[in-house]
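**Student:** my questions concern the predicted model and sequence given below.
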Amino acid sequence: MSTQNIPTPPVQAPRTSALSAPGRASTTPRPSGRGTLSPTLLIGLTLIGLVVLAAIVSYIWTPYDPVQVDAAARLQGSSAAHLMGTDKYGRDVFSAILYGARITLFVGVISVGIAILIGTPLGILAGIRGGWIEEVIMRTSDIALAFPALLLAIMFSAIFGASTMTAMVAIGISTVPGFARVARSGTLQVMGTEYVLAARAASQSRFRIALRHVLPNIIGIVVVQCSVSFSLAVLAEAGLSFLGLGTPPPTPSWGRMLQESQQFLGTEPMLAVWPGLAIAIAVMGFNLLGDGLRDRFDPKLNGSHS
C-alpha cells in the first residue's frame with residue numbers, strides 16, 4: 001500500500017518562551033519588588049511623616065501656648081492670626097493639633113513597645129516549646145482578647161485614676177495577644193526549615209535557635225504588626241480621651257478636642273473637623289504603611305519570585 005497519498009499532519013514548531021528556553025535570558029522585564037517602594041508604602045510614609053513632623057515642630061515652636069485661655073478670642077474662625085481658629089476657651093486650635101500629635105505618637109510608641117516586649121517572646125516561646133506551655137500561652141491570649149482596650153482602660157482608671165499612663169498600659173496589654181499570635185505563627189514556620197532542623201541536630205539550645213534563627217526571620221511580620229497596632233493605638237487613645245479616660249485636661253489631645261467640639265457642631269463644625277482629620281491621617285498612614293510592608297516582606301505578594 002502506497003503511503004504517498006496519506007496526508008501527514010503539519011508539524012508545529014515548539015513554542016519557546018524566554019522563561020522556558022534554556023540558556024536564553026528573559027526579554028520581558030520582571031518587577032523586582034525590592035528595589036522600588038510601592039505607592040501604598042510611599043503614601044503611608046508621607047502621612048506618617050506629616051504626623052511626626054507636627055510632633056517635632058511642637059517641641060520647637062507653636063504659634064500660641066496650647067493651654068493658654070483667652071476669653072476674648074473664643075470661637076474665632078480661621079484667620080491669619082489663628083490658622084484653624086480657636087475653641088470655646090480661646091485656645092489656638094492649630095497649636096493644640098501640633099501638641100496633640102506629640103501625645104498620639106507617645107502613646108503609640110509606649111503601648112506598642114509594651115506589646116512587643118511581652119507578646120513577641122511569649123509567641124516565640126509557644127512556637128518553640130509547644131505542648132502545655134503553648135496551650136497555656138495561647139489560651140491566655142484568647143481570654144485577653146475578650147477584654148478590649150476600652151474595657152481595660154475603664155478598669156484601670158477605676159483603680160489607678162484616668163491618665164495618659166493608664167491609657168498606654170491598657171492599650172499595650174490589650175495588644176499583647178496579637179503579637180503573641182503573629183510571633184507563634186512565624187515561629188512554627190521557621191521551626192520546620194532545614195537550617196533549624198540542622199541546628200537542633202547539632203544540639204543547639206532553644207534559646208540560641210530562637211535568637212539566631214527564629215527572631216531574624218520573623219522580624220518582618222512583627223514590624224507589620226507594629227504598624228497595624230500603632231493605628232489601633234491611635235484610635236484607642238482618641239476614644240479614651242473622648243470618654244475622659246485618657247489624657248486629662250488641659251493637655252491637648254485629639255480625642256478630647258473632639259469631645260469638647262460636640263456642643264458646637266451646629267455653629268462651629270470646623271472644631272470637630274480639624275482633630276478628626278488629624279486622627280484620620282494618622283490612622284490611614286499607619287494602615288497603609290502596614291499594607292505596604294506586608295506586600296514588601298511577603299514573597300507571594302511581590303514580584304520578586306520567579
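**Tutor:** Arrived safely, thanks for sending.
**Student:** what's the closest non-adjacent residue to F297?
**Tutor:** Excluding its sequence neighbours, the residue lying closest to F297 (CB to CB, 6 or more residues apart in numbering) is G220, at 3.7 Å. The way it works is simple: take the backbone N, C-alpha and C, and place the C-beta from them, glycine included.
**Student:** so after the strand or helix carrying that neighbour, what's the next helix or strand?
**Tutor:** Secondary structure from DSSP states H and E places G220 in helix 215-242. Later in the chain than helix 215-242, the nearest helix or strand by DSSP H and E is helix 254-260.
**Student:** off-centre distance for the helix holding G220?
**Tutor:** Averaging C-alpha positions (CA atoms, centre = their mean, to the nearest Å) puts helix 215-242 4 Å from its chain's average.
**Student:** from G108, how far out is the residue nearest the centre of the chain?
**Tutor:** In the chain, the residue lying closest to the centroid (CA atoms, centre = their mean) is S227, at 1.7 Å. Look at S227 and G108: by CB to CB, to the nearest Å, they are 10 Å apart.
**Student:** and R184, by the same measure?
**Tutor:** Relative to G108, and taking CB to CB, R184 is found at 24 Å.
**Student:** I figured F160 hits A170, correct?
**Tutor:** No: judged on CB atoms under 8 Å, F160 makes no contact with A170 at a distance of 9.8 Å.
**Student:** who has more neighbours, the two?
**Tutor:** The residue with more neighbours, out of F160 and A170 and counting by other CB atoms under 10 Å, is A170; that gives 29 against 12.
**Student:** what mean pLDDT does the helix or strand hosting I103 get?
**Tutor:** Assigned by DSSP H and E, I103 belongs to helix 93-129. What helix 93-129 shows for mean pLDDT is 93.
**Student:** before we move on, what about stretch 253-269?
**Tutor:** Rounded mean pLDDT across stretch 253-269 is 89.
**Student:** wait, A272 sits on E260?
**Tutor:** No: judged on CB under 8 Å, A272 makes no contact with E260 at a distance of 9.2 Å.
**Student:** between the two, tell me which one has more neighbours.
**Tutor:** E260 (20 against 17).
**Student:** show me what contacts the more buried one?
**Tutor:** 87-88, 271 (CB atoms under 8 Å, 6 or more residues apart in numbering).
**Student:** against Q189, how distant is it?
**Tutor:** In terms of CB to CB, E260 sits 48 Å off from Q189.
**Student:** mind checking the SS state of P177?
**Tutor:** Taking DSSP: H, G, I helix; E, B strand; the rest coil as the rule, one finds P177 in the helix state.
**Student:** touching, it and S141? I think so.
**Tutor:** Yes: the pair P177 / S141 is scored as a contact, 3.8 Å apart, by CB under 8 Å.
**Student:** between the two, which has more neighbouring residues?
**Tutor:** Taking neighbours as other CB under 10 Å, P177 and S141 compare with P177 leading, 24 against 20.
**Student:** can I get stretch 217-225 as PDB, trimmed to CA atoms?
**Tutor:** Only the C-alpha atoms of stretch 217-225 are listed here, as PDB (Å, rounded to 0.1, in the frame of the first residue of the first chain):
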ATOM      1  CA  ASN A 217      13.200  35.500  60.200                       C
ATOM      2  CA  ILE A 218      10.000  36.800  61.900                       C
ATOM      3  CA  ILE A 219      11.100  40.400  62.300                       C
ATOM      4  CA  GLY A 220       9.300  41.300  59.100                       C
ATOM      5  CA  ILE A 221       5.800  40.200  60.200                       C
ATOM      6  CA  VAL A 222       6.500  41.700  63.600                       C
ATOM      7  CA  VAL A 223       7.200  45.100  62.000                       C
ATOM      8  CA  VAL A 224       4.000  44.800  60.000                       C
ATOM      9  CA  GLN A 225       2.100  44.000  63.200                       C
END
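**Student:** buried residues in that stretch?
**Tutor:** Buried residues in stretch 217-225, counted by 16 or more other CB atoms under 10 Å: 217-218, 221-225.
**Student:** how about those residues, which pair is most distant?
**Tutor:** Distance extremes for these: the farthest pair is N217 and Q225 at 14.6 Å, using CB to CB.
**Student:** how about stretch 272-289: buried residues?
**Tutor:** 272, 274-275, 278-279, 281-283, 285-289.
**Student:** swap that for stretch 147-164, please
**Tutor:** 149-150, 152-154, 156-157, 162, 164.
**Student:** pick out whichever of the residues you listed sits closest to D92.
**Tutor:** Nearest to D92 among the buried residues of stretch 147-164: T164, at 21.5 Å, using CB to CB.
**Student:** how near is the closest one to T86?
**Tutor:** 24 Å.
**Student:** returning to what we had before: what does the very next helix or strand once past the helix holding I103 contact?
**Tutor:** Note on helix 93-129: by DSSP H and E, the next helix or strand toward the C-terminus is helix 131-144. Here helix 131-144 makes contact (CB under 8 Å, 6+ apart) with 122-123, 125-127, 173-174, 176-177, 180-181, 184.
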